[in-house]
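Asker: With the input below, show me the fold.
(chains A and B)
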Amino acid sequence: QIVLTQSPALMSASPGEKVTMTCSASSSVSYMYWYQQKPRSSPKPWIYLTSNLASGVPARFSGSGSGTSYSLTISSMEAEDAATYYCQQWSSNPPITFGSGTKLEIK
Amino acid sequence: QVQLQQSGAELVRPGTSVKMSCKAAGYTFTNYWIGWVKQRPGHGLEWIGDIYPGGGYTNYNEKFKGKATLTADTSSSTAYMQLSSLTSEDSAIYYCARRYDGNYGFAYWGQGTLVTVSA
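Answerer: As a prediction, this is how the structure comes out:
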């Protein structure tokens, strides 16, 4: 199965700071998806097909990557962005796997 | 708007089974795959499998074959997941989620069902 490794596992950023987190796949994948989850809430779709923002996601977020290396970037950190972010891929078997998450905290 | 309403929390005994539901609204139930995802504290998200209600087609994560059974009732727009031979390892929050149209991400999520396995 394709393993997704997210790094860092934990990070903190100050308001206004640029944030980048990565998702590395053990084999090449076609697209990456990202979800945001806050405590006691369901995951929310955040980025789909590598670089498309889900409905309602602020424009300070962006996604990029290809092959085995993908990233999620926040151009200017805001307090509401503090959350855990998970990446997800689809391949043939098993079809869907998730990364272990990057927990982003506000300084 | 699209909504996925999941059934309430369950407290179940080891060795028994549990069946949870996910009622869909706001879209044509038979046209979209619904997936199920497990989340345990400290274990992130784990895909269990998914079902296409329009034809009853299913895909399972190999790890959950024999553990999870996915079904769907088109008359009530409800997807179900049954978990069998429960152990403490099955204590978790279980989410249903509907895929995007035409790709493999999950566009809508239910609120989750907490399953606690305890004697």
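
Asker: Residues of chain B that sit close to chain A?
Answerer: B:35, B:37, B:44-47, B:50, B:59, B:61-63, B:95, B:97, B:100, B:103-112 (CB under 8 Å from any CB of the partner chain). (Each C-beta comes from the backbone N, C-alpha and C, glycine too.)

Asker: Just the buried ones among those, please.
Answerer: Buried members of those, scored by 16 or more other CB atoms under 10 Å in any protein chain shown, are B:35, B:37, B:44-47, B:50, B:59, B:61, B:95, B:97, B:100, B:104-110, B:112.

Asker: Tell me which of those fall in strands.
Answerer: B:35, B:37, B:45-47, B:50, B:59, B:95, B:97, B:106-109 (DSSP state E).

Asker: tell me the contacts of the closest residue to residue B:30 other than its chain neighbours?
Answerer: Distances taken as CB to CB, 6 or more residues apart in numbering or on different chains place residue B:54 nearest to residue B:30, at 3.7 Å, with adjacent residues excluded. Applying CB atoms under 8 Å, 6 or more residues apart in numbering or on different chains to residue B:54 gives the contacts B:30-31, B:74.

Asker: so which helix or strand takes in residue B:54?
Answerer: Assigned by DSSP states H and E, residue B:54 belongs to neither a helix nor a strand.

Asker: just to revisit the earlier point, out of the contacts of residue B:54, which is most surrounded?
Answerer: The residue in the contacts of residue B:54 with the most neighbours, by other CB atoms under 10 Å in any protein chain shown, is residue B:30 (14 neighbours).

Asker: hang on, the earlier thing: report pLDDT for the residue nearest to residue B:30.
Answerer: Looking at residue B:54, its pLDDT is 95.

Asker: Is the spatially closest residue to residue A:5 that is not a sequence neighbour bridged to anything, and to what?
Answerer: Of all residues not flanking residue A:5 in the chain, residue A:24 sits nearest, at 4.7 Å (CB to CB, 6+ apart). Beta-bridge partners for residue A:24, by DSSP bridges, are residue A:5, residue A:69.

Asker: I'd like to know how many residues surround residue A:24.
Answerer: Counted by other CB under 10 Å, the residues lying close to residue A:24 total 17.

Asker: In this structure it contacts residue A:2, no?
Answerer: No - using CB atoms under 8 Å, residue A:24 makes no contact with residue A:2, being 10.6 Å away.
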